[in-house]
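**Q** I'll drop the sequence and a predicted model, then ask my questions.
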Amino acid sequence: MANVFPKWVNTIPIKVIVAAILIKTAVIAGFTYYFTPKYTRVGYAPTQPVAFSHALHSGQLEIDCRYCHTNVDRSEHSNVPATEVCMSCHSMVRKDDPLLAPVRDSYASGEPIPWVRIHKTPDYVYFNHAVHVNRGISCVECHGRVDQMKVVHHDKPLSMGFCLECHRNPEEYIRPPEEVYNLDWERPETEEFKETAVGFVHDWKVNPPQSCSGCHR
Amino acid sequence: MRIFFAIFIFAIVTVVSILGFRGSLSTKPPLEVFPDMDRQARYKPQAENSFFDDGRNDRPIPSGAVARGNYLNYNEVFSEDFVDLRLGDVAYNKGKHADDTFVQTLPTEVTYANMEHGRLKYEIFCVSCHGAAGDGNGVTKPYGVLAASYHDDRLRNESDGYIYDVIMNGKGLMYGLSDRLSADEAWSIVLYFRALQFSQNASVEELTPAQRDLLGI
């Protein structure tokens, strides 16, 4: 009796298995790569109503972050500055520049400039700026090198894993409080500094919450 | 099998070319994959609110409103046996006595901690215009901010209350900073301001021999 199935049929199971493995790997790789905040959030850089540049104001002119984001070390919310803050200089600097027309209009009318918000934690997460920056956690850790950005973009994922990464080992991120606003400060890679950092965390009783109710209250 | 590989590679290339890589800049708002309860109906600082015509959540103060606990209505708001030296202290809050004359000397204590506090705040809020030495050579000078130098006889003889008033309410081209400074911070700045003036207007004779040795003069 002749063979009912041709010989190549024997390879079908192998082919199917190989194809299934490839597809599965690709789908999983695709999900882990594209469906986390590392992809969905990082890089979000909306067009702002005024072409305000941190690279110029903080990087080149070295205006302290708190000149504008005054409440960052005082409250849970880091405010975006009022138009009056811009006008304190721009009533004298580039008074007639068309780039600044929305700022002048806003100052004259009292209507706020409609800045587009970039960083947003979900509403079930409790976040507080003052506790972080007053305890030696710099803006860079969560916002990246804002002082080099012409347009602010979302630089870190700000996912739960990201927060916990630091909450588990604060000594690897903490810095002296006077360097918090100095974004180009570099951690000395010496044993000595590591010991100081561990000492810091211990002496100041820095104790970031790791239990759910710390952040989901 | 060859067809499968071709389709497989093609699918990967299409997905990657549409979705791009992590961290690439985009002006599109982040995709919220499972927007469970991420955005809830609640009030947040500086957020939008469609209920009001101007869309602002933080309401501007209606004209004629007087903040509770303000020195203006202190006696009406609090009972007679309640004494808060700071809230009820017109001189402390306005830098002026009730009869509109300036306070002559600082109503706060002169301590090293207070001076340090003043230096920190000065370096945030004043250096960019007045410069670190208070000589009017801030970074913004080349761009057209003509900030005054502190080192002239008129300013040396002005009362502390006057300087406080300039800081809080501005003068001429300078905008006031009462939106960003508390009374306590402003008084510390006045203290540091005096130190700056002294630093540029002291004679060698006023130093002890030990201090002269330290400076090598």
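**A** Cool, got the structure.
**Q** how many neighbours does residue 199 have?
**A** Picking chain A for this. 11 (other C-beta atoms under 10 Å in any protein chain shown). C-beta here means a position set from N, CA and C on the backbone, and glycine is covered the same way.
**Q** actually chain B
**A** When neighbours are defined as other C-beta under 10 Å, B:S199 has 12 of them.
**Q** show me what contacts it?
**A** For B:S199, the contacting residues are B:A133, by C-beta atoms under 8 Å, 6 or more residues apart in numbering or on different chains.
**Q** low-confidence regions, chain A specifically.
**A** Applying pLDDT under 70 to chain A flags residues A:1.
**Q** mind naming the longest helix for it?
**A** Identified as the longest helix of chain A according to DSSP state H is helix A:12-34.
**Q** packing partners for that one?
**A** In this structure, helix A:12-34 makes packing contacts with helix B:2-19, judged by 3 or more C-beta pairs under 8 Å, 6 or more residues apart in numbering or on different chains; DSSP states H and E.
**Q** and the helix it packs on, anywhere near chain A?
**A** Yes - using C-beta under 8 Å from any C-beta of the partner chain, helix B:2-19 reaches chain A at B:F4, B:F8, B:A11, B:I12, B:V15, B:L19.
**Q** OK, contacts around residue 184?
**A** If you meant another chain, say so; for now it's chain A. A:D184 touches A:R145, A:D147, counting by C-beta under 8 Å, 6+ apart.
**Q** um, chain B though
**A** Contacts of B:D184 by C-beta under 8 Å, 6+ apart are B:T108.
**Q** output the lowest mean pLDDT helix or strand found in chain B.
**A** helix B:74-77 (a mean of 64; mean pLDDT, DSSP states H and E).
**Q** quick one: the helices in chain A?
**A** For chain A, helices defined by DSSP H occupy the ranges A:12-34, A:37-40, A:54, A:65-68, A:83-90, A:101-109, A:129-133, A:139-143, A:160-168, A:191-203, A:212-215.
**Q** can I get those helices in TSV including distance to B:E109?
**A** Below are the helices of chain A laid out as TSV (distance: least, C-beta to C-beta, whole Å):
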stretch	distance to B:E109
helix A:12-34	59
helix A:37-40	49
helix A:54	38
helix A:65-68	24
helix A:83-90	30
helix A:101-109	38
helix A:129-133	25
helix A:139-143	33
helix A:160-168	39
helix A:191-203	28
helix A:212-215	38
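**Q** and A:T40, how many neighbours?
**A** Per other C-beta under 10 Å, the neighbour tally for A:T40 reads 19.
**Q** try the one 10 residues further on
**A** For A:V50, the neighbour count with other C-beta under 10 Å is 16.
**Q** my read: it touches A:P112, true?
**A** No - look at A:V50 against A:P112 with C-beta atoms under 8 Å: they stay out of range, at 11.8 Å.
**Q** give me the common contacts of those two.
**A** By C-beta under 8 Å, 6+ apart, no residue touches both A:V50 and A:P112.
**Q** coming back round to it: list the buried residues in whichever helix or strand comes after the least confident helix or strand of chain B.
**A** Downstream of helix B:74-77, the next assigned helix or strand under DSSP states H and E is helix B:90-94. Going by neighbour count (16 or more other C-beta atoms under 10 Å in any protein chain shown), the buried part of helix B:90-94 is B:A91, B:Y92, B:N93, B:K94.
**Q** returning to what we had before: reformat the residues of helix B:2-19 next to chain A as CSV; add pLDDT and distance to A:E189.
**A** Formatted as CSV, the residues of helix B:2-19 next to chain A follow (pLDDT from 0 to 100; distance: C-beta to C-beta, whole Å):
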residue, pLDDT, distance to A:E189
B:F4, 90, 49
B:F8, 92, 44
B:A11, 92, 44
B:I12, 91, 39
B:V15, 90, 39
B:L19, 86, 36
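**Q** from the centroid of chain B, which residue is nearest?
**A** B:R180 (3.9 Å; C-alpha atoms, centre = their mean).
**Q** do you know how far the nearest residue to it once chain neighbours are set aside is from A:L100?
**A** Of all residues not flanking B:R180 in the chain, A:T70 sits nearest, at 4.5 Å (C-beta to C-beta, 6 or more residues apart in numbering or on different chains). Plainly put, A:T70 is 21 Å away from A:L100 if you go by C-beta to C-beta, to the nearest Å.
**Q** could you do B:F198 as well?
**A** 38 Å.
**Q** neighbour-wise, which of these two wins?
**A** Ranked by neighbour count (other C-beta under 10 Å), B:F198 and A:L100 place A:L100 first, with 19 against 11.
**Q** the more buried one reaches A:V50, doesn't it?
**A** Yes - contact criterion C-beta under 8 Å: A:L100 and A:V50 qualify, at 6.9 Å.
**Q** residues contacting A:Q148?
**A** A:H54, A:A55, A:G59.
**Q** what sits against the first one?
**A** For A:H54, the contacting residues are A:V146, A:D147, A:Q148, A:M149, A:K150, A:V152, by C-beta under 8 Å, 6+ apart.
**Q** mark which of the residues you listed are buried, thanks.
**A** The neighbour-count test (16+ other C-beta under 10 Å) marks A:V146, A:D147, A:M149, A:V152 as buried among those.
**Q** contact partners for the third one?
**A** For A:M149, the contacting residues are A:S53, A:H54, A:A55, taking C-beta under 8 Å, 6+ apart as the criterion.
**Q** mind redoing it with 10 Å?
**A** Counting by C-beta atoms under 10 Å, 6 or more residues apart in numbering or on different chains, A:M149 touches A:A45, A:S53, A:H54, A:A55, A:S58, A:G59, A:H143, A:D155.
**Q** what sits against the residue nearest to the fifth one when sequence neighbours are not counted?
**A** What it means is A:S58. In space, and not counting its chain neighbours, A:S58 is closest to A:D147: 4.1 Å by C-beta to C-beta, 6+ apart. Neighbour list for A:D147: A:54-60, A:62-63, A:65, A:139-140, A:181-184 [criterion: C-beta under 10 Å, 6+ apart].
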